[in-house]
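K.L.:
Take this sequence and fold it.
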Amino acid sequence: MYSTKGAPMSTRKTWQAPAASPFGQMDDQSGQPQQSPRRTWGQPDEDMQLASVPSVPGSLEPFPNVSATAVEPSTTQTRDAFDFSGLEAAPFQETVAPTRQSPAPQTRTTITSTSTTATTAQPQRTQLQSQRTQPQRTQPQRTQPQRTQPQRTQPQSRAPPMSSETMSKADAIAARLAQEQTQVEQGVFSRLRETILDHIKDSIAAALGSIRGEIHLILQPQLVPMLNRTVGLSFLKKYGVSHYYVMQDRPPKFSDPNIHVVYLCRTELRAYKPLAEHLQFLEQHAEFQLSTTILTVPQRDALCESVLEEHGVFGAPVIKPLPIHVIPVDTDVFSFDSHEALVDIAIYKDTTSIPFAVNGLQQVLSLIDKDGKLPPTTRCVGQAADDLVKLLKVRHAVAAGTHGHGEGAKTDGASSVHAGGSCLSNAPPVTHAIVFDRRADLISPLCTQTTYPGIASEVCDIVTGQADVTKLVSENPEDAAALGSKPKVKAVFSSLTWPGFEHIRDRNFSTVTPFFKEQALDVDGFSEELLGSELRRMKQHIKSLEAVTEQKKAIHTHWSISKHVIELPHVLHVLECEGLLIEGDVNGAVPLVEGLIMRQTDPAIVVRLLAIMSLLGFASAQQKRLRDMFYNAYGFQFLLALDNLQLLTRASAIRPSEMSGIRTFLPLPPQSQMVHTYYGFRPLSSYIIESLLISKSKTRLPASLVTSARSDGPAALNLLTECIVLFVFIGGATFSELTTLRAMGKRLKFTPLFVISDYADGQTLANGLLSNDDDDEML
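P.N.:
Reported below is the predicted structural model:
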């Protein structure tokens, strides 16, 4: 919404944080950071002191420096990362010191006082004196090591020995990180994730293992996050991949005729033209003929063969499918890895992604239930959801050999799981499923999310739980120095890669700052204790050093994103305008939109607000006046954008005339106990879903919006029994919607399981509205 991913940008002013931020009013928590005590040894470092916490809950405070050189000694000598020099003498002093302080002087005094009382003890006194004077003759030799004692204790003066209470701090941090990782690995859906990952690895190993020779892999850019999430580069090297490239305008130069070039691309129309141009260039300019193979994810497409034939390169490469239908992106979220499905379904009514979604859902169902059946109570919201379930039933019937009610189909790679039972054998039963068409709620993706990952998607493109934030970090030299000199910086939005993300994925943006401060101080305290600990405990802490280092980099990366989020231009006006539109106060929202147009704000922001007005069904005269202002301010090159806006309105499953009755249920009262994931209102999708799960609901939905795919079980949830509810979002789901459904699960006592096309956000939808791409241009 606030970046220029594919959309032209105009000059805009930098937004300054006002005295009162709306983020602080949207969460029950105070948002004030709780400073944890910090223990330092020697002279404190002035650069490491925290600045005073401002009174505004939603503002960002200076981030404490927790870089690799966070702990510096008070001397002028500089330590790099963790310098262990001079610390080996500490254990030696502890074992030798008791022998140096002998209690012999006290014994000598006692013997002298008792020996003068009787003369009969004179022989014994003489014997004791002889024994006493003998050690005194060798005393200079025994006390000789004490002359070098100040030199040995010099490092100890900078870092005194830790007490038992302080020494447990690093152990507690290491134990907490290990516990977070264990919780992720032993979650409810852990076995389901592992089985799907094993299937992906087997598919890639079978595809690459059949190719002989040295493999040079050329990847479509959209598939790089998927490979990083599932297998990684080390797995590809096991099966002959020696070099890999990201697809550019021209293929790389190859000098060895014995290599085998493998192209990896998605089964999409937009990916076929660059692929055909690559093959055409190799055929015309290469000095020798190369062996080429095309792997299409997730299946082979006849349209790919047609595009290759038009460019005259059909028949040269070998085309094979790579059946990767679904991938895990979080502890409870699985994705079809179809990032463009939102724009295709919402604007162009392109439902070609539904068959791919059927394959992915069929694989998940076969791992949940040995027969691959739908849950007893399944509801469909929207036409695309109904089409998906019907196609799924047809495939079950064909696989079972009858065109009736058979539902016993199995997906590839799942037969090994059925031998041992369901992947959710130790979990509550899956009793309900809701398949949701994104066109049933286009308002939630267009509005600005107030959860941290939701509003972070406004400044970075999050794909399968990862985002490239190299540009954001490079704008701040301090962040770039703290994160290292890597060419690319990745931000992780998944608990599978960074377990700490589970603590911030459902937080409001106002409460993320205290969490970052607390985690930064913990990492800083771990580094201080590591430098001040003795050698035997240092070896124990080194095992946790890698996890702490990854924690430090992740905190720095997300802190950089937070600083860019708080600097979003005109964010207060946008949030206020969205809230007024949801409440129905169009007279108060129109002046705000006009002000944004006159300030030459990013056109993506204005287009999103115009789309919300159009979907809510406000007066056409007011919309026409705002569109005329938009033409005059930004130029007539955006005529196609407003035409796409009309297509978006027509594609909505809920007519604008029907939104007037539903809109009244969305605003939340100020003292509401519900999770505030938007600025004062709840997502429309959560309102629809809750009406389907609760029997006594006062919701008035259009009759044609909801259909029942299977009703063998109870229509409403049993609030006394724990269960799992499967949510399938065709076209993607926002972070705020997932947060709302997780909170609903805690309130209604069910565990949500999400299967989505990909994470959806308003910036992606706005870029689709502003895009001038056409299918004819792709071909």
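K.L.:
residue ranges with poor pLDDT in the stretch 151-300 of the chain?
P.N.:
Applying pLDDT under 70 to the stretch 151-300 of the chain flags the ranges 151-181, 183-186.
K.L.:
Kindly report the same for the stretch 401-550 of the chain.
P.N.:
Applying pLDDT under 70 to the stretch 401-550 of the chain picks out residues 402-421, 425, 475-487, 522-547.
K.L.:
one more time with 80, if that's ok
P.N.:
401-422, 424-427, 472-487, 513, 517-550 (pLDDT under 80).
K.L.:
ok, which stretches of the stretch 201-350 of the chain are strands?
P.N.:
Per DSSP state E, counting those that start in this stretch, the stretch 201-350 of the chain carries strands over the ranges 215-219, 241-246, 260-266, 291-297, 318-321, 327-328, 333-335.
K.L.:
Tell me the strands beside the third one, with direction?
P.N.:
So the one you mean is strand 260-266. Each strand paired with strand 260-266, and its direction, by DSSP bridges: strand 215-219 (parallel), strand 291-297 (parallel).
K.L.:
Just the angle for it relative to strand 241-246, thanks.
P.N.:
Computed by axes from the mean of the first three to the mean of the last three CA atoms, to 10 degrees, the angle separating strand 260-266 from strand 241-246 equals 40 degrees.
K.L.:
Please enumerate residues in contact with strand 260-266?
P.N.:
208, 211-220, 222-223, 241, 247, 251, 254, 271-272, 275, 278, 282, 290-297, 317, 322 (CB atoms under 8 Å, 6 or more residues apart in numbering). From N, CA and C alone the C-beta is placed, and that goes for glycine too.
K.L.:
now do the first one
P.N.:
Contact partners of strand 215-219, identified using CB under 8 Å, 6+ apart, comprise 208, 227, 236, 239-247, 251-252, 254, 259-264, 278.
K.L.:
Just the buried ones from the residues you listed?
P.N.:
Buried members of those, scored by 16 or more other CB atoms under 10 Å, are 208, 227, 236, 239-241, 244, 247, 251, 254, 259-264, 278.
K.L.:
Assign residue 192 to helix, strand or coil.
P.N.:
Here residue 192 is recorded as helix under DSSP: H, G, I helix; E, B strand; the rest coil.
K.L.:
Any idea how many residues pack against the nearest residue to it once chain neighbours are set aside?
P.N.:
Nearest residue to residue 192, sequence neighbours excluded (CB to CB, 6 or more residues apart in numbering): residue 423, at 4.2 Å. Per other CB atoms under 10 Å, the neighbour tally for residue 423 reads 23.
K.L.:
dump the residue contacts of residue 423.
P.N.:
By CB under 8 Å, 6+ apart, the contact set of residue 423 is 189, 191, 192, 195, 367, 368, 417.
K.L.:
Please identify which of those is nearest to residue 668.
P.N.:
residue 189 (30.2 Å; CB to CB).
K.L.:
my guess is the closest one meets residue 753, correct?
P.N.:
Yes. When contacts are counted by CB atoms under 8 Å, residue 189 is listed as touching residue 753 (6.6 Å).
K.L.:
Return every residue with contacts to both of the two.
P.N.:
In contact with both residue 189 and residue 753: residue 332, using CB under 8 Å, 6+ apart.
K.L.:
Pull out the buried members of the contacts of residue 423.
P.N.:
Buried members of these, counted by 16+ other CB under 10 Å: 189, 191, 192, 195, 367, 368, 417.
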